[in-house]
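Visitor: show me how the following folds:
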Amino acid sequence: MVYLTRKCEFSAAHYYHNPEFTAEENSRVFGKCSNLNGHGHNYTLEVTVKGEIDPKTGFVMDLKKLKDILNAEVMDAMDHRHLNKEVPEFARAIPTTENIAIAIWQRLEGKLSVAKLHRVRLYEMQDLFVDYYGE
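Guide: Residues are numbered from 1 along each chain as shown. Predicted coordinates for the structure are as follows:
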């Protein structure tokens, strides 16, 4: 089994807000992240796929195809977007780093024909990241 990781970066705005909470509860739980005007982050995404090497090509997966899938499913959908307002998954879900990683997994799963999705790692800041393995 061989593991390949592709890395990309995107910027997005969001806010944390639970509609079941009062304004005071949202402020208490989420602090300044609950400001409905939002705030932005520069994210670093690592997507790891796994599989056997094709003896004819030497590839686990054509990395150009993986890049194209990442562009279509993540970059085009999330880069320079307001996640709460422009990404359907976050019309109801709070776009925490954890939920963004899960949404990316769900967008990518099933789009890979040869390799299998192994891990989505999303960095919100240089020293904070979430690993999601689809479990």
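Visitor: now the lengthiest helix in the chain: buried residues?
Guide: The helix that spans the most residues within the chain, counting by DSSP state H, is helix 97-108. Going by neighbour count (16 or more other CB atoms under 10 Å), the buried part of helix 97-108 is 97, 99-105, 107-108. In short, each C-beta sits where N, CA and C put it, glycine included.
Visitor: beyond that helix, next helix or strand please.
Guide: strand 116-125 (DSSP states H and E).
Visitor: return the set of buried residues in that following strand.
Guide: By neighbour count on 16+ other CB under 10 Å, the buried set for strand 116-125 is 117-124.
Visitor: tell me what it is packed against?
Guide: Counting contacts by 3 or more CB pairs under 8 Å, 6 or more residues apart in numbering; DSSP states H and E, strand 116-125 is packed against strand 39-51, helix 97-108, strand 128-132.
Visitor: mind listing residues that contact the first one?
Guide: With CB atoms under 8 Å, 6 or more residues apart in numbering as the contact definition, strand 39-51 has outside contacts at 1-15, 32-33, 60-61, 66, 70, 74, 100, 104, 108, 112, 114-125, 129.
Visitor: and the angle from that strand to strand 128-132?
Guide: Orientation of strand 39-51 against strand 128-132 (axes from the mean of the first three to the mean of the last three CA atoms, to 10 degrees) gives an angle of 40 degrees.
Visitor: regarding the residue in the chain sticking out farthest from the centre, what is its secondary structure?
Guide: Distance to the chain centre peaks in the chain at Lys56, reaching 32.1 Å (criterion: CA atoms, centre = their mean). Per DSSP: H, G, I helix; E, B strand; the rest coil, the secondary structure class of Lys56 is coil.
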